[in-house]
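Peer 1: Sequence and predicted structure, then a few things I'm wondering about:
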Amino acid sequence: MDTIAPLQRKFKLQKQTNITIQSNVFFLQVSSTERSLEEFIFPGWSAPEIFGNDNPVKVEYCSGNGAWIAHKAESNPHINWVGVEYKFSRVQQIYGHMRRKNLQNLFLINGEAFEATLAYFPDSSISGVYINFPDPWPKRRHAKNRLVSDHFTVQLARIMKPEAQVLFVTDNAEYSEWALDIFKRMENRFEPCYPHPHFIVDLPDYGNSFFDTLWREKGMTIRYHQFKRLA
């Protein structure tokens, strides 16, 4: 955090109160009443206020402090990267990475992941999806709040190009089994890339994130699941 704080002071990002795109950030953190009054039309990934080109677009959900996606954007300048993060304080951190590294191929969405995807992501426009350590909501009564769900995977199938892949990463074994069951129910749209049990526990060069480092230091096993969007 100490290395991020100076970036936040240097590159100020103010939370917005309406649906707007500003400084490469799409703000969706507004009340339902305000949202119902908006007539915002998302211009599309190639629009000048987003990326301004037709390069492939890949999305990371649950971007956290942005270490993973900032590294990917820096290492893959010919790919457009979209980070989706609900907490504004974390968006500020990612914004600091983006400005410090001058990452013109990184765009941020400050809002709820399913809602943003449902309302604004164009059909068949995404070349890759990464879901890194989403909140497992470990209590059974809270499991309905998990990002990976039937309705969310339906939206993933809608926005992803044929043959594109979604990679889901978690340290929670129960969430792993939950996600596998959901993608199995979507067998007409997705197929697992790994043989049974359909996950691996080591994926070299995948990249590091805050939660990856944290859980590994605590001795947790990381599970990587990959699914291909069927034509």
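Peer 2: Structure's in. What do you need? Numbering: from 1, shown residues only.

Peer 1: which residues pair with the spatially most central residue of the chain across the strands?
Peer 2: Residue closest to the average C-alpha location in the chain (Cα atoms, centre = their mean): Tyr61, at 1.5 Å. Taking DSSP bridges as the rule, Tyr61 bridges to Val84, Ile131.

Peer 1: show me the contacts for it.
Peer 2: Applying Cβ atoms under 8 Å, 6 or more residues apart in numbering, we find Tyr61 in contact with Val84, Ala113, Val129, Tyr130, Ile131, Asn132, Pro134, Leu147. For glycine as for every other residue, the C-beta is placed from the backbone atoms N, C-alpha and C.

Peer 1: Please report how far the last one lies from Trp137.
Peer 2: Applying Cβ to Cβ, to the nearest Å, the value for Leu147 to Trp137 is 9 Å.

Peer 1: Between these two, tell me which one has more neighbours.
Peer 2: Leu147 (20 against 16; other Cβ atoms under 10 Å).

Peer 1: isn't the more buried one right up against Ala116?
Peer 2: No - counting by Cβ atoms under 8 Å, Leu147 stays clear of Ala116, with 11.5 Å between them.

Peer 1: Sketch out the helices for the chain, chain order is fine.
Peer 2: Under the criterion DSSP state H, helices of the chain are mapped to 5-10, 32-37, 67-75, 88-100, 113-120, 150-159, 173-185, 210-217.

Peer 1: Can you add distance to Pro43 and give the ones you listed back as JSON lines?
Peer 2: Compiled in JSON lines, the helices of the chain are given as follows (distance: least, Cβ to Cβ, whole Å):
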{"stretch": "helix 5-10", "distance to Pro43": "28"}
{"stretch": "helix 32-37", "distance to Pro43": "18"}
{"stretch": "helix 67-75", "distance to Pro43": "20"}
{"stretch": "helix 88-100", "distance to Pro43": "20"}
{"stretch": "helix 113-120", "distance to Pro43": "10"}
{"stretch": "helix 150-159", "distance to Pro43": "16"}
{"stretch": "helix 173-185", "distance to Pro43": "31"}
{"stretch": "helix 210-217", "distance to Pro43": "31"}
